[in-house]
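**Q** Predicted model and sequence follow; I will ask about them next.
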Amino acid sequence: MSKFIRLSECCSFYSGGTPTKESREFWKGNIPWFSPKDIKSFELTFSQDHINKDAVKKSAARLVDHGTILVVSRSGVLVHTLPVGIIQQQSAFNQDIRAIIPNKHFDPEYIALFLKAIEPMVLREGVKVGATVHSLKSGYLEQLEIPKIELSEQRRITTQLKAQLAEVETARKALDIQERDVKKLETQLLESIFVKLKPEKFVKIGDAAVTTSGSTPSRDKKDYWAPGQYAWIKTGEVAYEPIYDTEESISEKALTECSLTLLPPKTVLVAMYGQGKTRGQSAVLEVPATTNQACFAILPNKTFHPEYLQYWLRHSYSNLRSLSDGRGGNQANLNGAMLKEFTVPLLPMEKQVRLAMTVKNMLDEIDNIKATIQTNKKEIELLSTRLLAQAFDPLSAQ
């Protein structure tokens, strides 16, 4: 059997600190200062912040040399991953990171890769979960046991494993490129179809359909939310896919007292505001439902086939967002008046139906490609885990 040694017996452990932000001069140096947001790769070559030597002298920040292992010990991501990396030049780090410096008998890369190999165990046993921020249990890293083998063998293992992981990373990046290309393909598909239209005229949404929006019942009144009888939609759920169910529902009392309309199936929804990419997204409602005040609802009408209308809105996503980009304020929002004025190309109903079916079939094919890419990405992640485990498991049996 291989001999094991605790990390506390072969490594020194250090904590870091943050120089005061009130002294701006501290943050004008050329010494990399790492925080958890910077621990994103195995070889740490870049930090968002830098400090000077005076900042090190007058704070709890500590300088460590090239080859030091940095492990995030406090972060919101610790339940999902254990960020580990090795600095490539003399650096400092904050209090949410532990620095590990091996003695001359242990290779830093060997120890860092070992920590990644046992990541599932560390996350399962060594993390104290908080409401938003999670932390490694005090003394946990120090008590971990690592196979004690010759330095030359450590380096042979790390060289082989790094080469394998590099190939996996190359494959992962290739899948990322494919994913970006597929997203572009969606936009190009809609553009290629709608650019060919030769409509006799464009019609304002407000002239063709009855429109409305909803509201948010008071969260303080429990009888507005229970028993939940009617689906209630938030803007985050308006994301191009047909809506069959919702995260929340409201009661009969809320429907009656809160100026809410029960929308019929085939209502087209547009998110008027929301974080990130939400504003301007659209979807077709497939069940009776209500919405919050940030959803613009276009009720079924005789002018536009619902799927055709939604695909046109999807195609017009950038134009919809630009309507409110220049309005100022803290957040650029769409509103009902803008959307009522937004125009849609008028086609004979049978042509709208055919076009919607064509677009659906093509988007379904793209979705299948997306699903395949996601499956391959999950397999790539599992492959990294297996390679790490296989590199160290045999040592336990020696």
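**A** Yep, it's here.

**Q** CA only for contacts and neighbour counts going forward, please
**A** Fine.

**Q** which strands and helices sit next to the helix or strand containing K370?
**A** If you go by DSSP states H and E, K370 is part of helix 349-397. Helix 349-397 is packed against helix 108-117, helix 151-194, helix 306-315, with contacts defined by 3 or more C-alpha pairs under 8 Å, 6 or more residues apart in numbering; DSSP states H and E.

**Q** again, only using 6 Å
**A** When contacts are defined as 3 or more C-alpha pairs under 6 Å, 6 or more residues apart in numbering; DSSP states H and E, helix 349-397 packs onto helix 306-315.

**Q** Tabulate the CA atom coordinates of the helix or strand following the helix it packs on in CSV.
**A** Going down the chain from helix 306-315, the next helix or strand is helix 317-325, by DSSP H and E. Provided in CSV are the C-alpha atoms of helix 317-325 (Å, rounded to 0.1, in the frame of the first residue of the first chain):
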residue,chain,number,x,y,z
TYR,A,317,-35.6,41.2,-30.7
SER,A,318,-32.8,43.7,-31.2
ASN,A,319,-35.2,46.3,-32.6
LEU,A,320,-37.5,45.9,-29.7
ARG,A,321,-34.7,46.4,-27.2
SER,A,322,-33.5,49.5,-29.1
LEU,A,323,-36.9,51.1,-28.6
SER,A,324,-36.1,51.7,-25.0
ASP,A,325,-32.3,51.9,-25.0
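
**Q** Contacts for helix 317-325, please.
**A** Residues outside helix 317-325 that contact it (C-alpha atoms under 6 Å, 6 or more residues apart in numbering) are G280, A332, N333, L334.

**Q** The chain - how does it break down into domains?
**A** 3-149, 150-177+349-391, 198-346 (automatic domain parsing).

**Q** Next, format these as CSV and append distance to E186 and mean pLDDT.
**A** Output for those, formatted as CSV (distance: least, C-alpha to C-alpha, whole Å; pLDDT from 0 to 100):
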stretch, distance to E186, mean pLDDT
domain 3-149, 30, 96
domain 150-177+349-391, 7, 94
domain 198-346, 9, 93
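
**Q** Pipe the ones you listed into a markdown table and attach mean neighbour count per row.
**A** Below are these laid out as a markdown table (neighbours: other C-alpha atoms under 10 Å):
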| stretch | mean neighbour count |
| --- | --- |
| domain 3-149 | 18 |
| domain 150-177+349-391 | 15 |
| domain 198-346 | 18 |
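
**Q** Compile those into a markdown table and extend it with columns for distance to L190.
**A** Formatted as a markdown table, the domains of the chain follow (distance: least, C-alpha to C-alpha, whole Å):
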| stretch | distance to L190 |
| --- | --- |
| domain 3-149 | 36 |
| domain 150-177+349-391 | 8 |
| domain 198-346 | 6 |
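
**Q** nearest to T187, of those domains?
**A** Of all these, it is domain 198-346 that lies closest to T187, at 7.1 Å by C-alpha to C-alpha.

**Q** And that closest one, end to end?
**A** Distance across domain 198-346, first residue to last, is 9 Å (C-alpha to C-alpha, to the nearest Å).

**Q** Pull the distance from it to the chain's centre.
**A** 24 Å (C-alpha atoms, centre = their mean, to the nearest Å).

**Q** Among the contacts of helix 317-325, which one sits closest to S8?
**A** Taking those together and measuring to S8 by C-alpha to C-alpha, the closest member is A332, at 53.6 Å.

**Q** Against P348, how distant is that closest one?
**A** 35 Å.

**Q** Give the full set of residues in contact with L334.
**A** Per C-alpha under 6 Å, 6+ apart, neighbours of L334: M272, S324.

**Q** does it sit in a helix, a strand or a coil?
**A** Look at L334: counting by DSSP: H, G, I helix; E, B strand; the rest coil, its state is coil.
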